[in-house]
Each structure stands twice: as structure tokens, then as C-alpha cells.
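> sequence plus predicted model, see below.
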Amino acid sequence: EKNFLEVDKLQTAFQTDKGEVISVEEVSFQLRPGETIGIVGESGCGKSVTSLSLMRLLGHSGVIKKGSITFNGRDLTKATEAEMRSIRGNEISMIFQEPMTSLNPVFTVGNQMLELINLHMKLPAKEARAYAVEMLTKVGIPRASEIIDEYPHKLSGGMRQRVMIAMALSCKPKLLIADEPTTALDVTIQAQILELMKKLRDESNTAIMIISHDLGVIAEMADKVIVMYAGQVVEEADVFTLFDDPKHPYTKGLMDSIPHLEHDSDQRLFSIPGTVPTIHNMPKGCRFHTRCQYATEKCAHEKPPLLPIQPESDHRVRCWLQQDDPHRAPIQPRTEV
Ligand code: SF4
Ligand code: MG
């Protein structure tokens, strides 16, 4: 099947009290029906801004400056707000890390599901309710015909996330964007939710864009992966190649890092010293040079392009190491200190 989503050199900026800052730069990727792309990186690397750009949910201060987002032949960067409203929740659905912020506490689960279903499917009331119960059952909610009349705060975190998934999938979206969908959940529930997303993807050929700082989640779900650092794609490859043969020093660092014990933490213990530069303070040249043990003079001054590791390869890397001498020995895995 051919691509139905093509993001081309997306650039998103925000107005801040310190002036305009570019948050995401030159992000490009394609997606086919049923395919899953993983976007991985630390907090603040631009993964969420990328997905919010797709949904055009950037708030008042955010704006897409350059590039295009072609979805089913339409450029979403040029769509009207009314067109976007009909696309959101219908053709593209989104689930977030903390469902409490996206579920309205003053309405029951059923009220919220039915509002969405009515907006997009126009079923008679009784059928709409039956359909909502069916969707809740499908995502593994027991006693769905009772749970549907509960308020969100009565449910556990795992149950709320299931409700969000049921809502996100009830309109049979072509694309599901899942931003840290399991980060707030304990490992058992996390595994169940990921299984569920895979099952629903395989049943309905939904494409998934999964955003996570957790490489385990990415490995479990994605067909292909883009690694982001400081607002840029630094490496992209199919999931096997990326895990088997990472080329970018940052990707290597991610793979060597150990997640914090608190499962809700968006932080990892990096084997690389330093932190992600802020958007107000971007290093010149390679944005990773301040943390890279392979950095040279050139890295500090010249911005590396994202290029295939070999002509025609889908494995692309933004690093001078790869480009200046492709025959040099691969980066050796770090040894524990
Ligand atoms: Fe490190 Fe230089 Fe490659 Fe940047 S371009 S990742 S600083 S070696
Ligand atoms: Mg985020």
C-alpha cells in the first residue's frame, strides 16, 4: 500500500517572551496504512511538538513555519480549522500520557464517548450506546455496560487509558497518534495496552505514530523509528536496523541508558553526560556536539546534514562521523564504567 501520510521538512516555531524559537526543524517521514512509526528522544526533543503539528494543536503561540503534511492528498498545514476539526478524532485520533487531562471529569465515560461518536458517526442513540459498550469491551474493560456510566475519577489509571483508546478508536481513525501512551502505567498494564494497540492495528489496518522516551516500547511496537534530538531527526531506520546497528552517537547513548525506577518518569540515566540544550540556547554546528565524545572542531561549527549511510539506503544519520569516512570502524558499544 502506498503512503497516506507524508511529512516533508516540517518546521514548527513558538512565540516566547524571548522571541520566536524553532522547536522542530526539518522533520520528514512517511507512513502507510497499518504501519507503525516510533519517535524516540528525551523530554523536550520535539517529539510531542511533531505530533501536535500534525493535529494542528499548537495553541496560540505555535505555528508551522515551513514544510508540508500531506494526509490523504490534502496538505494539513493549509487546511482550515473546520477541516481540522472533522479530521481530528475521525481520521486522526490521539491518545496522551495522562488520560485525566483529556477526559472531562464532570461527564461520565458514556457522555464523552457518545459525544464523539455522535459527532462523527451519526448513529441513533441506542445504537451509539451499544457501540460505545462494544468498544469498551473490546479494549478489555470488564462490565463495560456499567463502567460506561461512571465518572473518570472512579477508574484506575489503566482503565482510563483503555477508555481513551476506546474513544480514539471508536471512529476508526486511519492514523492513531499515541504520545507516551503507557508512561503513567505500571509495567503489566503497559504490556496489555501495547498488545491491545497492536491487535486493533492489525484488525483495522490503522497506522500508528507512537511517541516515547522508552526504547522498549518503541522496539515492541514500531516498524520504523526516528530518533530526535534538540528538535531535529538525528537518525532514522527500520526498527531492526536501528537496534542492530545504530550509527548516531546519541542513539547509542539512548540504548546504553537505564530508565529511572519510577515508571512515570520521563527521564533516563544517561551514559552521556549533559542535558538536551534548550531551544533558547542551541549549540552551533551539530546540536549534539556539547555531549558527544566523538566531537571534532568541525562538529562545533558545521551543521551535519541527514544523509543515507549508503546511496538508496533508508537508514539515515545526521553525523559527520558517518559522512566524512563511511568506511571507518563502527562506533564501539560503550563498556560500563
Ligand atoms: Fe558527534 Fe560530530 Fe556526529 Fe555530532 S556530528 S554526533 S558531534 S561526531
Ligand atoms: Mg512529550
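Looks like it arrived, so ask away. Ligands and ions are numbered 1, 2, ... in the order given.
> neighbours of the residue of the stretch 101-250 of the chain found nearest ligand 1, how many?
Ligand 1 sits closest to Pro249 of the stretch 101-250 of the chain, with a gap of 4.6 Å, by Cβ to the nearest ligand atom. Using the backbone N, CA and C atoms, a C-beta is placed for each residue, glycine as well. When neighbours are defined as other Cβ atoms under 10 Å, Pro249 has 25 of them.
> the helices in the stretch 151-300 of the chain, which residues?
For the stretch 151-300 of the chain, the helices defined by DSSP state H, counting those that start in this stretch cover 157-170, 187-204, 215-221, 239-244, 249-256, 297-301.
> circling back: I figured the residue of the stretch 101-250 of the chain closest to ligand 1 hits Cys292, correct?
Yes. Taking contacts as Cβ atoms under 8 Å, Pro249 lies within contact range of Cys292: 5.0 Å.
> in CSV: the helices of the stretch 151-300 of the chain, plus mean pLDDT.
Below are those laid out as CSV (pLDDT from 0 to 100):
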stretch, mean pLDDT
helix 157-170, 87
helix 187-204, 85
helix 215-221, 91
helix 239-244, 95
helix 249-256, 90
helix 297-301, 93
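> could you say which of those helices is packed most deeply?
Highest mean neighbour count of those: helix 157-170, a mean of 24 (counted as mean count of other Cβ atoms under 10 Å).
> which residues does that one contact?
89, 93-96, 99-100, 102-103, 109, 112-113, 116-117, 121, 131-132, 135-136, 138-141, 147, 152, 155, 176, 181-182, 184-186, 189, 192-193, 196-197, 200, 204, 206 (Cβ atoms under 8 Å, 6 or more residues apart in numbering).
> got the CA coordinates for that helix in CSV?
Extracted C-alpha coordinates of helix 157-170, given in CSV (Å, rounded to 0.1, in the frame of the first residue of the first chain):
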residue,chain,number,x,y,z
GLY,A,157,-5.2,4.8,35.5
GLY,A,158,-5.1,1.7,33.4
MET,A,159,-8.8,1.8,32.9
ARG,A,160,-8.8,5.4,32.0
GLN,A,161,-6.2,4.8,29.4
ARG,A,162,-8.3,2.0,28.0
VAL,A,163,-11.3,4.4,27.8
MET,A,164,-9.1,6.8,25.9
ILE,A,165,-8.1,4.1,23.5
ALA,A,166,-11.7,3.0,23.1
MET,A,167,-12.6,6.6,22.3
ALA,A,168,-9.6,7.1,20.0
LEU,A,169,-10.5,4.0,18.0
SER,A,170,-14.3,4.3,18.0
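> what about it, distance to the chain center?
Here helix 157-170 is found 17 Å from its chain centre; the criterion is Cα atoms, centre = their mean, to the nearest Å.
> what angle sits between it and helix 187-204?
10 degrees (axes from the mean of the first three to the mean of the last three Cα atoms, to 10 degrees).
> looking at this protein, which residue reaches furthest from the middle?
Lys126 (35.3 Å; Cα atoms, centre = their mean).
> who touches the helix or strand hosting it?
Following DSSP states H and E, one finds Lys126 within helix 125-138. Helix 125-138 is contacted from outside by 109-110, 113-114, 117-118, 121, 123, 144-145, 147-148, 162-163, 166-167, 169-170, 200, using Cβ under 8 Å, 6+ apart.
> can you tell me which of the residues you listed are up against ligand 1?
The overlap between these and the neighbours of ligand 1 (Cβ under 6 Å from any ligand atom) is empty.
> so what sits opposite the residue nearest the centre of the chain in the bridge?
The geometric centre of the chain, computed from its C-alpha atoms, lies nearest to Ile211 (Cα atoms, centre = their mean), at 2.4 Å. Ile211 has the following beta-bridge partners by DSSP bridges: Ile39, Asp179.
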